[in-house]
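K.L.:
need a 3D model of the sequence below.
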Amino acid sequence: MLKIEEKRDQPPTLSLSGKVSGPWVGELQRVWTALCGEHPKEKIKVDLAQVVFVDSKGKELLGSMLDEGAEFVNTKLLTGYILDELKSSRIHRG
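P.N.:
The predicted model follows:
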């Protein structure tokens, strides 16, 4: 299960709690796309403090969000490691 909380303050923020996996990846994609559409010129923060698991599809989505300018905050050991891995792979891809 994944809880997605939208804060439309400045800056807009998504707070995630639970697992970025399975059908929840599609739901996060939907929410992310809508929020980006509402704030096309703003950097959107994504709070990962309460994320406990990310599957391969979740990693793909986080990578896409990173490419689209997401600013990930409150990363813990797991999510920090995943983000470092995603950033590294994007640097090597050019």
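
K.L.:
next, count neighbours for Glu6.
P.N.:
Neighbour count for Glu6, taken as other Cβ atoms under 10 Å: 15. Bear in mind the C-beta positions are built from the backbone N, C-alpha and C, glycine included.

K.L.:
I'd say it and Leu28 touch.
P.N.:
No. With contacts counted by Cβ atoms under 8 Å, Glu6 stays clear of Leu28, the gap being 11.1 Å.

K.L.:
tell me, what's touching the two both at once?
P.N.:
Leu14 (Cβ atoms under 8 Å, 6 or more residues apart in numbering).

K.L.:
now the strands for the chain?
P.N.:
2-7, 13-20, 45-54, 71-73 (DSSP state E).

K.L.:
can I get the ones you listed in CSV with mean pLDDT?
P.N.:
Output for those, formatted as CSV (pLDDT from 0 to 100):
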stretch, mean pLDDT
strand 2-7, 95
strand 13-20, 96
strand 45-54, 94
strand 71-73, 93
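
K.L.:
tell me which of these sits nearest to Arg90.
P.N.:
strand 71-73 (13.4 Å; Cβ to Cβ).

K.L.:
can you pull out the low-pLDDT segments for the protein?
P.N.:
Residues of the chain meeting the criterion pLDDT under 70: 92-94.

K.L.:
quick check: the residue positioned nearest the centre of it vs Pro40, distance?
P.N.:
When the chain is reduced to its mean C-alpha position, the closest residue under Cα atoms, centre = their mean turns out to be Leu62, at 4.6 Å. Using Cβ to Cβ, to the nearest Å, we find Leu62 at a distance of 20 Å from Pro40.
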